[in-house]
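Colleague: Here is my input, please return the structure:
(chains A and B)
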Protein chains: 2
Amino acid sequence: MNVRVKGRSQHYRTVTFDAGKNSVMLIEQRLLPHQFKIIGTRDFRETALAIKDMIVRGAGAIGATAAYGLAQGARTFRGSDLAKFSKHVEAVYQALKDARPTAVDPVNAMNDVRRSMSSGATVEEQQALALAAAEEFANEDVDHCRAIGEHGGKLIRNGMRVLTHCNAGWLAFVDIGSATAPMYAAHQAGKKFHVFCDETRPRCQGATLTAWELAQQGISHQVIADNAAGHLMQRGEIDMVIVGSDRTLGRTGEVANKIGTYTKAVLAHRHKIPFYVAIPLSTIDWNLRKGRDIPIEDRSESEVLGAWGIIPKSAIRNPKSTYVRIANPSSGARNPGFDVTPAELITGIITPAGIFKPRDLWKNRARFGG
Amino acid sequence: MNVRVKGRSQHYRTVTFDAGKNSVMLIEQRLLPHQFKIIGTRDFRETALAIKDMIVRGAGAIGATAAYGLAQGARTFRGSDLAKFSKHVEAVYQALKDARPTAVDPVNAMNDVRRSMSSGATVEEQQALALAAAEEFANEDVDHCRAIGEHGGKLIRNGMRVLTHCNAGWLAFVDIGSATAPMYAAHQAGKKFHVFCDETRPRCQGATLTAWELAQQGISHQVIADNAAGHLMQRGEIDMVIVGSDRTLGRTGEVANKIGTYTKAVLAHRHKIPFYVAIPLSTIDWNLRKGRDIPIEDRSESEVLGAWGIIPKSAIRNPKSTYVRIANPSSGARNPGFDVTPAELITGIITPAGIFKPRDLWKNRARFGG
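Modeller: Take a look at the predicted model:
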């Protein structure tokens, strides 16, 4: 999407590849929303570290980063011995996989790249195929998000007030995003609407990343405390909810997403407000039979007990975030990272293949197949 | 309640009066939870400032502070001219009233004090009556909270997990608190239970004040993000909700309270979890006919766009809070301060006179009357 840097608006992807420098180019997301900076990794080890240290985050974005990282690593091999080359690629693969052991996207993306490589007869051919496959993976991610926007954008009408939770924006993908895709499509179609961004405690991705994204595109928006949406719905000030998903069960239509999503779905249901989930196909889990069985990670207590932000006076000199302890020093916290929203609370799942009732995913699974 | 200061546990009230020094003694609540400090105001103007600057906050606490402040002001008058004395007292009354113009408790408390004073025949008698009336107001506040605890404490059984929102604790009253009163009563009765404190963004009174209160009493508790309660309820990990109220409509049973309360009531209702509101009688509004007509204050955007906390490394040297900007710098916020929960979502209203169904307040109003 376009970003205004030093007064000029320029197009960026979250992840790209500089073939001349053999470098994966990433938006340094830990500096957002206070500073916009592109960094280039010098080798696949730095790329793995960028995934590990959350310079890049979000399913689609780390998938593409790993794909490019595999190509980057493959391209540094000197020689023509295919067996040695394979061993080298395997080490690169492991390093990138180990950077975020619980994520499935890097693994799926790198498997795509390896499959492509296997048709090359020489090291050089395989190196070229690796990069082409990584580019294709990234482009497909963009195409899928664009298709989500085409379907979901039609749901947004002039004057609507849309609530979103967390960040399922272009920063979490290669471009465009999932939950934000309908907003960007509607905005490009000239529609006027307003977005409420849930702050999304404890990590505040709504207040930081989603608000930054919408501000860059000039889309009308306001940050609200996670506590405020119920009141706004009660007063008739929210017309639709669109969120993303970390994992959607193809068999039941249940949606795992950032903690607090379930609460918004319950509120929307009470107020008869449409609640949509926008997802790329890669987040559909066709195997798991019960949402109850989705493991919910208990994250660090410090996230709940404090917050990251910049001290306004020092913002220009030092745009790096400072952690402040908010809570009583002798108290602990409970910090479940995700929750599961049942199908009955979801109006529709917006996919690149169209909008489906959550319980209709399974019978349409042939349409989502590779 | 008891507070551990330098290793020793000692009893404190939020507000007391030092007759020798003619000083209102207050817990400096802006320093909590990071520092516990008692300050004394030197005259009624400082007392008014303490209310205005939020050194003391909470309905019962500012009521008692204003009552003591009026006595404090009255006691500085020198002379025996009753007409001049009355004029002086009127000026004190106005200064204390203007310190928090929207609050009703200071006005009600000071009217009590003035009514008592009027039976005095001399300036000296009226001064003595003023102090006695202020003491009585404070003691009544404590008695009411204790009665809430006696009724509400019976609801808490061994092993329960109780959710509360914001701070309706002893810091908001003279002692004991409203929503916390059942917890303190159950704890004193030797029951074991666990409290989840909603962080309560944007001002985080749950993470700071309620967590501090519970820690002081040694009650098992954890802070959770406001987003987490829905998930915990879904997993059967919350057995009861108890909150306070800023205004309860005697005619309809609707409850205005800190933003986010309504959301918790909706969630509790879905999960068939009892939802109680604990209130002193002074917060019942017998006139207003519709919750919709309760004015909802839109508070400062900066509360939502950032947070107050201490920088851990400097905590000992500098226990004062620092404001950090969390949100995207170019984004604004919407910050409604309160919401209204309808009677249908409330299991019971815990009052000093017993526990009532919200819609039964009106027919029992004779029992609440003065």
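
Colleague: hey, let's count contacts and neighbours off CA atoms from now on
Modeller: OK.

Colleague: Tell me the secondary structure at A:Gln35.
Modeller: Per DSSP: H, G, I helix; E, B strand; the rest coil, the local secondary structure of A:Gln35 is coil.

Colleague: I figured it hits A:Pro319, correct?
Modeller: Yes. The pair A:Gln35 / A:Pro319 is scored as a contact, 6.6 Å apart, by CA atoms under 8 Å.

Colleague: Tell me the predicted confidence for the closest residue to A:Ser282 other than its chain neighbours.
Modeller: Of all residues not flanking A:Ser282 in the chain, A:Asp105 sits nearest, at 7.6 Å (CA to CA, 6 or more residues apart in numbering or on different chains). At A:Asp105, the pLDDT value in this model is 87.

Colleague: again, but for A:Ser314
Modeller: A:Ser314 is assigned 71 on the pLDDT scale.

Colleague: how far away is it from B:Val277?
Modeller: To B:Val277, A:Ser314 is 43 Å away according to CA to CA, to the nearest Å.

Colleague: Which one's more surrounded, those two?
Modeller: Neighbours per residue, other CA atoms under 10 Å in any protein chain shown: of A:Ser314 and B:Val277, the larger number sits with B:Val277, 25 against 10.

Colleague: dump the residue contacts of that one.
Modeller: Each residue near B:Val277 by CA atoms under 8 Å, 6 or more residues apart in numbering or on different chains is listed here: B:Ala179, B:Ile242, B:Val243, B:Gly244, B:Ser245, B:Ile346, B:Gly348, B:Ile349, B:Ile350.

Colleague: Could you do A:Ala103 as well?
Modeller: A:Ala103 sits next to A:Ala59 when contact means CA under 8 Å, 6+ apart.

Colleague: is it true that it lies in a strand?
Modeller: No. Read with three-state DSSP, A:Ala103 is coil and lies in no strand.

Colleague: how near is it to B:Arg100?
Modeller: Counting by CA to CA, the gap from A:Ala103 to B:Arg100 is 52 Å.

Colleague: Equivalent analysis for A:Glu301, please.
Modeller: Taking CA to CA as the measure, A:Glu301 falls 36 Å from B:Arg100.

Colleague: Show me the contacts of B:Val277 that map onto strands.
Modeller: Under the assignment DSSP state E, the contacts of B:Val277 contribute B:Ile242, B:Val243, B:Gly348, B:Ile349, B:Ile350 to strands.

Colleague: farthest pair in the residues you listed?
Modeller: Farthest-apart pair in the ones in strands among the contacts of B:Val277 is B:Val243 and B:Gly348; separation 10.9 Å (CA to CA).

Colleague: quick revisit: burial measure for the residue nearest to A:Ser282, as a count.
Modeller: A:Asp105 is flanked by 23 other residues according to other CA under 10 Å.

Colleague: Would you confirm that it contacts A:Ile62?
Modeller: Yes. Using CA under 8 Å, A:Asp105 makes contact with A:Ile62 at a distance of 6.9 Å.

Colleague: before we move on, back to that, can you convert the contacts of B:Val277 into a markdown table and add a column each for neighbour count and distance to chain A?
Modeller: Formatted as a markdown table, the contacts of B:Val277 follow (neighbours: other CA atoms under 10 Å in any protein chain shown; distance: CA to the nearest CA, whole Å):
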| residue | neighbour count | distance to chain A |
| --- | --- | --- |
| B:Ala179 | 30 | 19 |
| B:Ile242 | 27 | 17 |
| B:Val243 | 26 | 14 |
| B:Gly244 | 29 | 16 |
| B:Ser245 | 26 | 16 |
| B:Ile346 | 24 | 16 |
| B:Gly348 | 22 | 21 |
| B:Ile349 | 29 | 21 |
| B:Ile350 | 30 | 24 |
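
Colleague: how far is stretch A:131-142 from where the chain is centred?
Modeller: Centre-to-centre, stretch A:131-142 and its host chain are 16 Å apart (CA atoms, centre = their mean, to the nearest Å).

Colleague: Which residues outside that stretch are in contact with it?
Modeller: A:60, A:64, A:67-68, A:71-72, A:109, A:112-113, A:116-117, A:173-176, A:280.

Colleague: List the buried residues of that stretch.
Modeller: Of the residues in stretch A:131-142, A:Leu131, A:Ala132, A:Ala133, A:Ala134, A:Glu135, A:Glu136, A:Phe137, A:Ala138, A:Asp141, A:Val142 count as buried by neighbour count, 16 or more other CA atoms under 10 Å in any protein chain shown.

Colleague: what does stretch A:157-174 give?
Modeller: By neighbour count on 16+ other CA under 10 Å, the buried set for stretch A:157-174 is A:160-174.

Colleague: gap between the two ends of that stretch?
Modeller: One end of stretch A:157-174 sits 26 Å from the other (CA to CA).

Colleague: And it, how far out from the chain middle?
Modeller: Offset of stretch A:157-174 from its chain centre (CA atoms, centre = their mean): 11 Å.

Colleague: per-residue confidence averaged over that stretch?
Modeller: Averaging pLDDT along stretch A:157-174 yields 97.
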